[in-house]
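J.: what shape does this take:
(2 chains)
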Number of protein chains: 2
Amino acid sequence: MTGRLIGAIEAGGTKFVLAGAREDGSVIAETRIATRQPEECFREMVAFFRHVAHAHGAISAFGVASFGPIDIDPASADYGRFTTTPKPGWAGARFHDALGEFGGPIIVDTDVNGAALGEWALGAGQGCRTLAYTTVGTGIGTGVVQDGHSLAGFSHFESGHIPVTHDPARDPFPGRCPYHGDCLEGLASGPAIEERWGASLSKLASPAEQIDLIAGYLAQLAANLVLLHMPDRLVFGGGVMKAPGLIEALRLATERRLGGYVQAPQLDPGLERYIVTPGLGDEAGITGAVLLGKRALG
Amino acid sequence: MTGRLIGAIEAGGTKFVLAGAREDGSVIAETRIATRQPEECFREMVAFFRHVAHAHGAISAFGVASFGPIDIDPASADYGRFTTTPKPGWAGARFHDALGEFGGPIIVDTDVNGAALGEWALGAGQGCRTLAYTTVGTGIGTGVVQDGHSLAGFSHFESGHIPVTHDPARDPFPGRCPYHGDCLEGLASGPAIEERWGASLSKLASPAEQIDLIAGYLAQLAANLVLLHMPDRLVFGGGVMKAPGLIEALRLATERRLGGYVQAPQLDPGLERYIVTPGLGDEAGITGAVLLGKRALG
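T.: Numbers count the residues shown, from 1 in each chain, chains lettered A, B, ... in the order given. The predicted model follows:
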């Protein structure tokens, strides 16, 4: 008994990771394709899953962890459809249309919710009831998983756009968010860092001051997540977080922001077990997509 | 058939509202007592419910909506116990001890979660799936109710202490939070307003500029609530919100903060139906406590 087949999709702004997996989570085929226009991208995606089905048998369900904004409300007529995404061509595209020929149930959540689920189940969030996973890369976003389900209101969260304290005397960069200028994403995303200093944090010669500045912005999100969600742990992943020293600076800045107000065993002194990098590394998203597909199997 | 009896307690930092109610929610007795030391206060509370029981029959369950910090995890051994509250004498006091003689089940939640539940069920949040209720008074706090249940992580939320942008050139007041100085509560609570300007917003002669300043701080919480919870509506209550013009200024400042990024039918232009005052006025908390008691009945 090898179990039913799951199709898993981690849809990122730059690339799609596609996987065919067994019901037990074991991956039997995996590929990456570039995120171009949806027609082209969806065609390649469908071709891959046809190939998987041909080689291994019918695909019974799909799990999708996607960039957004995207409708993730299963009760909505537009479930699985990109809404107001600024990514050219993608607004209106819908996973359910592209995957319809396979006939199985489809669960769609955001990329960060998928990664949060992956980390909660199999990564750095194991044992937590409530886990917040934040990615800091091209964009900034947070997924919060509680008891295995991602939290949402009328839409998924948009933590990248929270207002943050920004001192132009220390950081004259005006921010690059087209909506808010110097919101968190406008100041601390990968593109904001490269536009400001001409290189990523990892490539700057002596980046101590820059690391502290970025950590100070991210700490404001960390503090907000604590105060507005009280998660058992915060995972910070994404390309920017790979800069040596950033996670340590983030712990320090967050502890300073919280000022000792929140007393709980979860928040150990130094926050070394509270603010952590992903246990699954770059595999958190696709792992979450497989788990979503597993859930879709029912 | 008059239904079983519920004991309801809205425990505030200044006063306790106590009510005896029928299963259908109708209040049959109500009183207010000052919040002094817990021994004294709990003695008066118990005396009131003994009186209710004597006059109307046994009390079958209790609902408590209380100030905090307080343990609201039903699975915890300290459920219903005040934890690190700075209120002298109250740390360690526990509702379950005080109400033990009545023998019924007890549900304890925070005052703002109780008010959020009251507004969700019977006030300005009717028809919403997710409602955020914020009180701006002696302290600032937010309860978020989704499908009739308050959200929490390892503890209840602490929205009053979020970091906010504070320009000392415009507002030289350093803030009065003993933990953070100029966090939201340190700048925009009732005591911060009175310490800064010698009077409440309602009593200042021409408060337009002061209203704008406070609205600007509260709008940062409103924006954070949108981006990190995506509620269908935000209710803002509490003494400070009674200042004429403040809710209008808050709508304006929040719309400016969000910068059109979040597009949804919930966020009508002008936010007049999105950011509202409590439908139950000052009765939201005790209404929520009655609903918690009703839930405790099972």
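J.: regarding the closest residue to A:R22 other than its chain neighbours, what is its secondary structure?
T.: The shortest distance from A:R22 to any non-neighbouring residue, by CB to CB, 6 or more residues apart in numbering or on different chains, is to A:G3 (4.6 Å). Where you see a C-beta, it was placed from the backbone N, CA and C, and this is true even at glycine. A:G3 carries the three-state label coil when classified by DSSP: H, G, I helix; E, B strand; the rest coil.
J.: ok, A:G3 - contacts?
T.: By CB atoms under 8 Å, 6 or more residues apart in numbering or on different chains, the contact list for A:G3 reads A:22-24.
J.: any idea how far A:T85 is from A:T135?
T.: Distance from A:T85 to A:T135, counting by CB to CB, to the nearest Å: 16 Å.
J.: surely A:F67 and A:G13 touch.
T.: Yes. A:F67 is in contact with A:G13 according to CB atoms under 8 Å; the separation is 4.9 Å.
J.: between these two, which contacts overlap?
T.: The contact sets of A:F67 and A:G13 overlap at A:87, A:139 (CB under 8 Å, 6+ apart).
J.: ok and the residue in the stretch 51-200 of chain A nearest chain B?
T.: Distance from chain B to each residue of the stretch 51-200 of chain A (CB to the nearest CB) is smallest for A:G153, at 2.9 Å.
J.: setting aside sequence neighbours, what's the nearest residue to that residue?
T.: Per CB to CB, 6+ apart, closest to A:G153 is B:M230, 2.9 Å.
J.: wait, isn't the one you found in contact with B:R129?
T.: No. In this structure B:M230 lies outside contact range of B:R129 using CB under 8 Å: 10.0 Å.
J.: overlap of the contact sets of the two?
T.: With CB under 8 Å, 6+ apart, B:M230 and B:R129 have common neighbours A:153-154.
J.: list the buried residues for stretch A:247-256?
T.: By neighbour count on 16 or more other CB atoms under 10 Å in any protein chain shown, the buried set for stretch A:247-256 is A:247, A:249-255.
J.: what residues does it touch?
T.: A:211-212, A:214-216, A:218-219, A:222-223, A:226, A:236, A:241, A:270-272, A:274-277.
J.: cool, stretch A:172-192 as well?
T.: Outside stretch A:172-192, the residues that touch it by CB under 8 Å, 6+ apart are A:86, A:136-140, A:159-164, A:166, A:168, A:171, A:195-196, A:200, A:214, A:217-218, A:220-221, A:238-240, B:257, B:259-261.
J.: do the same with stretch A:280-293
T.: Outside stretch A:280-293, the residues within contact range by CB under 8 Å, 6+ apart are A:6-10, A:12, A:17, A:19, A:21, A:25, A:27, A:30, A:61-65, A:107-109, A:111, A:113-119, A:121-124, A:133, A:237, A:278.
J.: dump that stretch to PDB, restricted to CA.
T.: Extracted in PDB, the C-alpha atoms of stretch A:280-293 (Å, rounded to 0.1, in the frame of the first residue of the first chain):
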ATOM      1  CA  LEU A 280      13.100  23.000   7.300                       C
ATOM      2  CA  GLY A 281      15.300  25.700   5.700                       C
ATOM      3  CA  ASP A 282      13.900  26.500   2.200                       C
ATOM      4  CA  GLU A 283      11.700  23.400   2.200                       C
ATOM      5  CA  ALA A 284       9.100  24.800   4.600                       C
ATOM      6  CA  GLY A 285       6.800  26.000   1.800                       C
ATOM      7  CA  ILE A 286       6.700  22.900  -0.200                       C
ATOM      8  CA  THR A 287       6.400  20.800   2.900                       C
ATOM      9  CA  GLY A 288       3.400  22.900   3.900                       C
ATOM     10  CA  ALA A 289       1.900  22.400   0.400                       C
ATOM     11  CA  VAL A 290       2.100  18.600   0.800                       C
ATOM     12  CA  LEU A 291       0.400  18.900   4.200                       C
ATOM     13  CA  LEU A 292      -2.400  21.000   2.700                       C
ATOM     14  CA  GLY A 293      -2.800  18.400  -0.100                       C
END
